[in-house]
Structures are given as structure tokens and as C-alpha cells.
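Chemist: need a 3D model of the following:
(chains A and B)
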Amino acid sequence: MAAAQEAGIFDESALVARAREGDLSAFNALVTEYSRKIYRLAKHITQNDEDAEDVLQETFLKAFEHLPDFHGQSKFYTWIVRIAVNESLMKLRKRKSDRSVPLDEPVDTGDDTVVREIAVWEENPEQKYSREELGKILDEAVDSLKPPFRTVFVLRDIEELSTEETAEALGISVPAVKSRLLRARLQLREKLTRQFKRKGDDVFAYM
Amino acid sequence: MLTCKEFLKELNDYLDETVDPELRRHIEAHITQCPNCFVILDTTKKTIQVYKGVQPQTLPADVQARLMKAVERKLADKRAKLSVKAPGIST
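Modeler: As a prediction, the model looks like this:
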């Protein structure tokens, strides 16, 4: 994406307009631009390669189908994220139909923001790992979160949607997004602290 | 003076820079006096940063190929339907 932007050739709204007229190459450019992100999102939510691939295909097929209904009220990307989230949640529900996944139900976020692990991280921990290793650590941490927290974190902090866009995509309230995000961030912070903390150190290293 | 619990409640809004200036001052006063909360703030900020820095990986080649095939099939279907809908135009 960065390369395309640098070259000045990626103009989302122009591509969307052309794709709506039936321009295949314009639609393909949109697919190429966003497929990696949509696949990553679907994988994080469904935690299953096969489901993620289904979601990826369904998302772009539906986007193509419904392109005439897309009037640019939101960004194209936000729009397809919404489709992908819906498809992913359907997969999740189908797969776990024996256990309900309370994504759109109130979640007890009460006082469960307990912080147990407090330690200073080593300098630039991400540089100590290869890209693959770091990716694995980060993915495993996110994947260990429960679905209501995982989905909010993925949309807000990985796909960088706004609080309002996240609320809309998940069909939950803004306060619910906020409280789930806090819990997700604190849980991830704990998990990563176990990986990244400076050895033989304590909190007073900062003082 | 904020308590640690109150600090935690405001942590997200502080990180997302959506707190008003007065609350910001209270939070900053709290972390200069509370090393634990300072570390929590710092490591939470780093947690968010480390995720933001990760670029999505390239799609596996077979996944990419199947996606493109599915899109092309859809387009072919659509074209077929359009030509049925326009009987006046012979092709």
C-alpha cells in the first residue's frame, strides 16, 4: 500500500467509481489493496484458515454485488471491514453453535481490570525478534483473548478503525467498545510483559 | 489526586488523547508519583505501538489465486446476466 501511495496511483474513490461502472481492473486494484488486511482480520476473528479464506472471498464478492448501494458515506475500506466482520462473526457463531458467543450481549467488564504484572520492558523488544517470531508472539497474544475483546482490539488497534466505526461494525454501543478495548489492551499488556520484560529488573529501574 | 483505580479507568482516553486538559493534568500528576501506574501507562502504550507497526503478511499464493478466480467468476456471471437483460442488443 505504501508503495502504491508513494507512486500516487492509489486513489480509492476513483477506483470505487470505476469499479461501480463495471471496470474489472479497478475492482481488482481494490481487492489487491485490501485483501491482506481483510484476510488478517478474518483470521483473527475466526482463528481458522479455512473460515478466513471463505470470509475473504465472501467479503469481496458481496462488496462487488452491493457496490451500486455504496454511496461513499463511509470509506470503502470501512465498508468492506463491516462486511468482513459480519461474515466472520457468522462463521464464529456457526462453528461454536453449541456455545453462544456473546458478541452483541453485555459483557461483564466491571472491575476486571486487575493488573498483576508490572515490569519495565527491555528497549525495543520488537528488534530482538525476527518478523516471523514477533508476528507469532503478537498473534498468539491476541488470539488468547475472548472474542468480545479480541474483535474490538483487532478493529481499533490493528485495523485502526475509530471507536464509532468499531461500534457500528460490531453492532454494540460506544461505551461497550471503550470498556472492552480497555480490558483487551490491559490483558495484552500483561501477556506481552511476560515476554518483553527486562530481565532482573523491577519497576524502580525507571526512577 | 487520582487513585490508581481512577487512573486505570481513564487510561484509554489518555492514550487516545481524548481527555480534557484538566484530567490530563491529574493523570500526569498521578504518574509522576506512582511508579506502578507509570509502568502500566508506558507498557500499555508500547503494546498498542507494537501492534500498529505490524504490516499484514502477503496472502498465501493459493488463497490469492482462489480469490481472484472467485472474483472473475462473479464478474462473468454478472456480464451474462446483463446480456440476458438487454435483449435488444445482439452480441
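
Chemist: and the residue nearest the centre of chain A, which of the three is it?
Modeler: The residue lying closest to the centre of chain A (Cα atoms, centre = their mean) is A:V154, at 2.7 Å. In three-state terms, and counting by DSSP: H, G, I helix; E, B strand; the rest coil, A:V154 is helix.

Chemist: give me the neighbour count for the closest residue to B:V19 other than its chain neighbours.
Modeler: Leaving aside its sequence neighbours, B:V19 sits nearest to B:D13 (Cβ to Cβ, 6 or more residues apart in numbering or on different chains; 4.7 Å). For every residue, glycine as well, the C-beta is placed using N, CA and C. Each residue near B:D13 was counted by other Cβ atoms under 10 Å in any protein chain shown, and the total is 16.

Chemist: mind telling me what element B:D13 is part of?
Modeler: Per DSSP states H and E, B:D13 falls inside helix B:4-15.

Chemist: can you list contacts of that helix?
Modeler: Applying Cβ atoms under 8 Å, 6 or more residues apart in numbering or on different chains, the set of residues contacting helix B:4-15 from outside is A:113, A:115, A:178, A:181-182, A:185-186, B:2, B:19, B:23-24, B:27, B:30-31, B:34, B:36-37, B:40-41, B:44-45, B:48.

Chemist: could you pull out the buried residues of it?
Modeler: Within helix B:4-15, the residues scored as buried using 16 or more other Cβ atoms under 10 Å in any protein chain shown are B:7-8, B:10-15.

Chemist: swap in stretch A:152-161?
Modeler: Of all the residues in stretch A:152-161, those buried under the rule 16+ other Cβ under 10 Å are A:152-159, A:161.

Chemist: same check, this time on stretch B:67-82
Modeler: Within stretch B:67-82, the residues that count as buried by 16+ other Cβ under 10 Å are B:67-68, B:70-71, B:74.

Chemist: got the contact list for it?
Modeler: By Cβ under 8 Å, 6+ apart, the list of residues contacting stretch B:67-82 reads A:22, A:24, A:27-28, A:31, A:35, A:53, A:56-57, A:60-61, A:64-65, B:59.
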